[in-house]
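Undergrad: please find the sequence and the predicted model below.
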Amino acid sequence: MKQLFISVALISLLGSGVAWAAEKPAGLVGTHGQSELSTQASSMLPLCASCHGIEGISTEGMYPNLAGQKVEYLVKQLQQFKTRERNDPIMSPMAEPLSPEMVNELAGYFSSLK
Ligand code: HEC
């Protein structure tokens with residue numbers, strides 16, 4: 001049931017992510033250094049934000065806040081999710097497609113949020 005909910009949430013978010021990337025509402029770009037994200041990293045952001053919040057404050061009790069977290073720590077966690085040294089059924093597949101550059105950029109973005 002939870003899996004189903006997550007897939008439905010992901011599908012609707014991927015849809016809105018595409019719309020978000022295409023439209024780039026003026027209010028969002030430029031805040032918190034989002035404009036410095038590469039196209040690749042910013043295309044992932046709506047997905048990450050669906051659980052961790054666009055302001056880095058998570059949307060649910062089981063999802064950690066990322067705002068203001070140390071960038072080195074966030075990079076390390078994402079690398080470890082990728083290699084499954086830290087294995088989580090939700091996060092490991094999220095981290096898998098991220099390039100090292102995207103890991104750095106997304107970690108930097110969430111770390112920059114206050
Ligand atoms: C479906 C919800 C969901 C999505 C989407 C998601 N995450 Fe997560 N994230 C989680 C959960 C749940 C955890 C905690 C995993 C655990 O318990 O080990 C987590 C943990 C993390 C952590 C480690 C935080 C800490 O305090 O150790 C980082 C960093 C992170 N996510 C980044 C991202 C990034 C970047 C993206 C987008 C590519 C993303 N997440 C997408 C749910 C999500």
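TA: Alright, I've got the coordinates.

Undergrad: now check the helix or strand hosting residue 72, is it near the ligand?
TA: For residue 72, the host element (DSSP states H and E) is helix 71-83. Yes: Helix 71-83 reaches the ligand (Cβ under 6 Å from any ligand atom) through 74, 77-78. Backbone N, C-alpha and C define where each C-beta goes, glycine included.

Undergrad: who in the chain is up against the ligand?
TA: 6, 44, 47-48, 50-52, 62-64, 66, 74, 77-78, 88, 90-91, 94, 98, 106.

Undergrad: so where's the protein uncertain?
TA: 1-35 (pLDDT under 70).

Undergrad: quick one on the thing from earlier: and whichever helix or strand comes after the helix holding residue 72, what does it pack onto?
TA: Sequence-wise, the next helix or strand beyond helix 71-83 is helix 91-95, with elements assigned using DSSP H and E. Judged by 3 or more Cβ pairs under 8 Å, 6 or more residues apart in numbering; DSSP states H and E, the packing partners of helix 91-95 are helix 71-83.

Undergrad: now the helix it packs on: buried residues?
TA: 74-75, 77-82 (16 or more other Cβ atoms under 10 Å).

Undergrad: give me the residues contacting that helix.
TA: 66, 86-88, 91-92, 94-96, 98, 103-104, 106-108, 110-111 (Cβ atoms under 8 Å, 6 or more residues apart in numbering).

Undergrad: just the CA atoms of that helix, as CSV, please.
TA: Provided in CSV are the C-alpha atoms of helix 71-83 (Å, rounded to 0.1, in the frame of the first residue of the first chain):
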residue,chain,number,x,y,z
VAL,A,71,27.4,19.9,2.6
GLU,A,72,30.1,17.3,3.2
TYR,A,73,27.7,15.2,5.2
LEU,A,74,25.0,15.4,2.4
VAL,A,75,27.5,14.5,-0.3
LYS,A,76,28.7,11.5,1.7
GLN,A,77,25.1,10.3,2.4
LEU,A,78,24.2,10.5,-1.3
GLN,A,79,27.4,8.7,-2.3
GLN,A,80,26.7,6.0,0.2
PHE,A,81,23.1,5.6,-1.0
LYS,A,82,24.5,5.1,-4.5
THR,A,83,26.9,2.4,-3.4
